[in-house]
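**Q** Pasting the sequence and the predicted coordinates here, then a few questions.
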Amino acid sequence: MRSLKYRNIIMLPYDFTPSSQDIICGKGKDCYDHIGNKLFRHIVSFHIDEFIAAKDNKSRKSKIVSNILFKLQRHLGRNNGFVSRDRKSGNWCQLCTADAKEKIGYELRRAVANRKKKAEKTKMLALEAQKFRQLYKMQQEIFAELKAKSDMEMEIEEDEERDEIGDPIQYIMGEENESLDINDTDILFMLGI
C-alpha cells in the first residue's frame, strides 16, 4: 500500500474502536482473527474461481474487485469498512476506495496462491500414495515368490528324506526282504492315522 501521508484517508474519531463489521488492514494475529476480516475472506472466497478465470484480463479482474467492494459496502451500509491504524498518532482511519480495492486484490491473489499450493500438495500426496501402492504390490509379489521358493525347498527336502529312506515298505521289511509280522494297526500307526 502507498504511504499513509499520500492517501486520501478519512480520520475516524479518537475513541473509535473497530467493530465486527470492520476490516482491519495490518499484520498479525489480531488483524487476521478479527471477525470482520474473517467475513471479508469468506466473501472473497466466493470470487476466487471467477478471478482465476479472468487470467490476464485486467478489466475483468478490476470488475471483480469492484463487485466485492460493492457487496461489502452494501453489507456494511457505509463507505467501505476498511480501517487502519496510523503509525504515528495511533488513531484509526478509514481507507480510501483505491486502497480498499488494493486490499481486495491482494486478498484475491493470496487466496489463488493458497489454492494452487493446496492443489500441488494434493497432487504430490496422490503421487506418493500411488508410489506406496506400487511398492506394496511389489512387496506382495516378492513375498509370494519367497513363499513359493520356500514351499519348493520344503518339497525338495521331503523328497530327499524319502530318497534316503527309500521305499517305505522295503524299509519296514528290511533289506533282506524278511517277512515281518505286521498287522493292520501297525500300518495305521505308521501312516499316522
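**A** The structure has been received and is ready for your questions.
**Q** so where do the strands sit in the chain?
**A** Chain-ordered strands for the chain, with DSSP state E as the definition, fall at 10-11, 23-24, 82-85, 92-94.
**Q** pLDDT (mean, whole number) over the third one?
**A** When the per-residue pLDDT values of strand 82-85 are averaged, the result is 90.
**Q** which secondary structure elements does that strand contact?
**A** Applying 3 or more C-beta pairs under 8 Å, 6 or more residues apart in numbering; DSSP states H and E, we find strand 82-85 packed against strand 23-24, strand 92-94, helix 97-165. The way it works is simple: take the backbone N, C-alpha and C, and place the C-beta from them, glycine included.
**Q** picking that back up, dump the strands of the chain to CSV, plus distance to I43 and mean neighbour count.
**A** Rendered in CSV, the data for the strands of the chain read as follows (distance: least, C-beta to C-beta, whole Å; neighbours: other C-beta atoms under 10 Å):
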stretch, distance to I43, mean neighbour count
strand 10-11, 22, 12
strand 23-24, 10, 24
strand 82-85, 13, 22
strand 92-94, 18, 19
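**Q** out of those strands, which comes closest to K121?
**A** Between K121 and the strands of the chain, the shortest gap by C-beta to C-beta is with strand 23-24, which sits at 28.4 Å.
**Q** Listing partners with orientation, what would you give for the closest one?
**A** Paired neighbours of strand 23-24 in the sheet (DSSP bridges): strand 82-85 (parallel).
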